[in-house]
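Trainee: using only what follows, build the 3D model:
(one chain, ligands or ions: 1)
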Amino acid sequence: MLALQGAFREHRRHLEAVGARVRDVRLPVDLDGLDGLVLPGGESTTMGRLLDAFGLWEPIRNLHGRGGVLWGTCAGAILLATDILGAPPQDDGRQRSLGLLDATVQRNAFGRQVDSFTTALEVEGFESPLEAVFIRAPAFVRTGAGVQVLSALAGQPVLVQSGRVLASAFHPELTVDRRLHMQFLRMVTQQVMV
Ligand code: GLN
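Mentor: Sure, this is the predicted structure:
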């Protein structure tokens with residue numbers, strides 16, 4: 001669990017509840033021996049600065065390179081994408097990312113904090129809708145050829161998967177439904193058994 005900023009405690013609780021062994025990651029050494037990493041929601045520019053400060057960009061890319069599974073939610077999803085729209089003007093509209101998900105994310109695609117909302121999403125492979133909390137959420141406005149759209153809202157992809165990378169625009173750690181945490185854990189387990 002990337003534990004620099006944002007809703008990492010809530011994620012950790014859900015991951016532990018579905019049976020995962022979880023470690024907080026703040027330094028590169030914390031990634032040693034991990035099979036997967038969750039990047040939480042929060043504020044992607046702040047988290048990016050902390051990734052700079054703790055030298056975590058390359059080590060996270062390496063975790064993915066050696067077979068690790070990554071799941072980014074909201075700000076975490078922004079950090080995974082190859083292209084980001086809506087980066088702050090003071091940063092020249094540019095924002096660093098891991099570039100492990102071939103997609104363009106539009107930050108704050110569903111409006112500001114006051115426009116936050118909860119909705120029921122149809123998710124590929126789920127038997128019933130998933131309650132999803134959107135807080136200044138991004139949307140995947142372009143998805144590359146290898147990216148599977150697992151859920152969309154108003155025509156905008158909001159849950160996608162590309163190989164060992166899962167990304168959601170919303171916050172599954174803020175609701176009681178743990179199906180996505182189980183899905184992430186299944187991805188990790190399958191990967192470990194390969
Ligand atoms: N809008 C935030 C960002 O761009 C993400 C919000 C969230 O994670 N809830 O980083």
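Trainee: please make it C-alpha for all contacts and neighbour counts, starting now.
Mentor: Fine.
Trainee: what about the helices in the chain?
Mentor: 8-17, 44-53, 57-65, 75-80, 179-193 (DSSP state H).
Trainee: report whether the first one contacts the ligand.
Mentor: No. Residues of helix 8-17 are not located near the ligand by CA under 6 Å from any ligand atom, the shortest gap being 10.9 Å.
Trainee: in that helix, what counts as buried?
Mentor: In terms of neighbour count (16 or more other CA atoms under 10 Å), helix 8-17 has its buried residues at Phe8, Arg9, His11, Arg12, His14, Leu15.
Trainee: pick the most deeply packed of the helices of the chain.
Mentor: Among these, helix 75-80 has the highest mean neighbour count (mean count of other CA atoms under 10 Å), at a mean of 30.
Trainee: thought Pro138 was touching Ala109?
Mentor: Yes. Counting by CA atoms under 8 Å, Pro138 does reach Ala109; the two are 4.9 Å apart.
Trainee: give me the more crowded residue out of these two.
Mentor: For Pro138 versus Ala109, neighbours defined as other CA atoms under 10 Å are more numerous around Pro138 (29 against 17).
Trainee: report the beta-bridge partners for the most centrally placed residue in the chain.
Mentor: With distances taken as CA atoms, centre = their mean, Gly72 lies nearest the centre of the chain, 1.0 Å away. When bridges are called by DSSP bridges, Gly72 pairs up with Leu39, Ala167.
Trainee: which residues touch it?
Mentor: Each residue near Gly72 by CA atoms under 8 Å, 6 or more residues apart in numbering is listed here: Val38, Leu39, Pro40, Gly41, Ile78, Leu79, Leu80, Leu166, Ala167, Ser168.
Trainee: next one: Leu185
Mentor: By CA under 8 Å, 6+ apart, the contact list for Leu185 reads Leu15, Val18, Ala20.
Trainee: any idea how far it is from Gly155?
Mentor: Distance, Leu185 to Gly155, by CA to CA, to the nearest Å: 28 Å.
Trainee: low-confidence stretches in this structure?
Mentor: 194 (pLDDT under 70).
Trainee: kindly report the residues of it close to the ligand.
Mentor: Contact residues, the chain versus the ligand (CA under 6 Å from any ligand atom): Gly41, Gly42, Glu43, Ser44, Thr45, Cys74, Ala75, Arg107, Asn108, Ile135, Arg136, Ala137.
Trainee: give me the ChimeraX select line for those residues, limited to the buried ones.
Mentor: The following ChimeraX line selects those of the residues of the chain next to the ligand that are buried, judged by 16+ other CA under 10 Å:
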select :41,42,43,44,45,74,75,107,108,135,136,137
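Trainee: mind telling me the two of the residues of the chain next to the ligand farthest from one another?
Mentor: Thr45 and Ile135 (15.4 Å; CA to CA).
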